[in-house]
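Enquirer: sequence first, then the predicted structure:
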Amino acid sequence: MGKLTQEQLAARWHISPRTLEQWRWLGKGPRFLKIGARVLYDEAAVAAYEAGQVCQNTSGPIEREAG
């Protein structure tokens, strides 16, 4: 898998790039790579983050079973 820019990930999730900036500052969202001023998201890390956000109701993400 490849890398996504902040703009590409924002478009994928239909959110503002500024939201991703705020999430990074708050320590939320998927892990990212920062080289100088450039921020990249690994597609595998994004997919893992998305899988962890799957919800069955409005209470939040589904708990994963250990094992």
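Expert: Ah, there it is.

Enquirer: from Ala10, how far off is the residue nearest the centre of the chain?
Expert: Nearest to the geometric centre of the chain sits Pro30, at 3.4 Å (CA atoms, centre = their mean). Distance of Pro30 to Ala10, computed by CB to CB, to the nearest Å: 12 Å. For glycine as for every other residue, the C-beta is placed from the backbone atoms N, C-alpha and C.

Enquirer: same question for Phe32.
Expert: 13 Å.

Enquirer: what sits closest to Lys3 if chain neighbours are left out?
Expert: Counting by CB to CB, 6 or more residues apart in numbering, Leu40 is the residue found nearest to Lys3 once chain neighbours are left out, at 4.3 Å.

Enquirer: in what helix or strand does that neighbour lie?
Expert: For Leu40, the element it lies in under DSSP states H and E is strand 38-42.

Enquirer: which pLDDT value goes with the nearest residue to Asp42 once chain neighbours are set aside?
Expert: Nearest residue to Asp42, sequence neighbours excluded (CB to CB, 6+ apart): Lys3, at 6.0 Å. If you check Lys3, the pLDDT there is 96.

Enquirer: got a list of what Lys3 touches?
Expert: With CB atoms under 8 Å, 6 or more residues apart in numbering as the criterion, the residues that contact Lys3 are 33, 40-43.

Enquirer: and for Thr5?
Expert: Per CB under 8 Å, 6+ apart, neighbours of Thr5: 39-41.

Enquirer: in CSV, list those residues along with distance to Thr19 and neighbour count.
Expert: Converted to CSV, the contacts of Thr5 look like this (distance: CB to CB, whole Å; neighbours: other CB atoms under 10 Å):
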residue, distance to Thr19, neighbour count
Val39, 13, 19
Leu40, 17, 16
Tyr41, 13, 22
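
Enquirer: strand partners (parallel or antiparallel) of the strand holding Leu40?
Expert: Sheet pairing here is set by DSSP bridges, and for strand 38-42 it gives strand 3-5 (antiparallel), strand 33-35 (antiparallel).

Enquirer: dump the ones you listed to a markdown table, plus distance to Ser16.
Expert: Converted to a markdown table, those look like this (distance: least, CB to CB, whole Å):
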| stretch | distance to Ser16 |
| --- | --- |
| strand 3-5 | 14 |
| strand 33-35 | 19 |
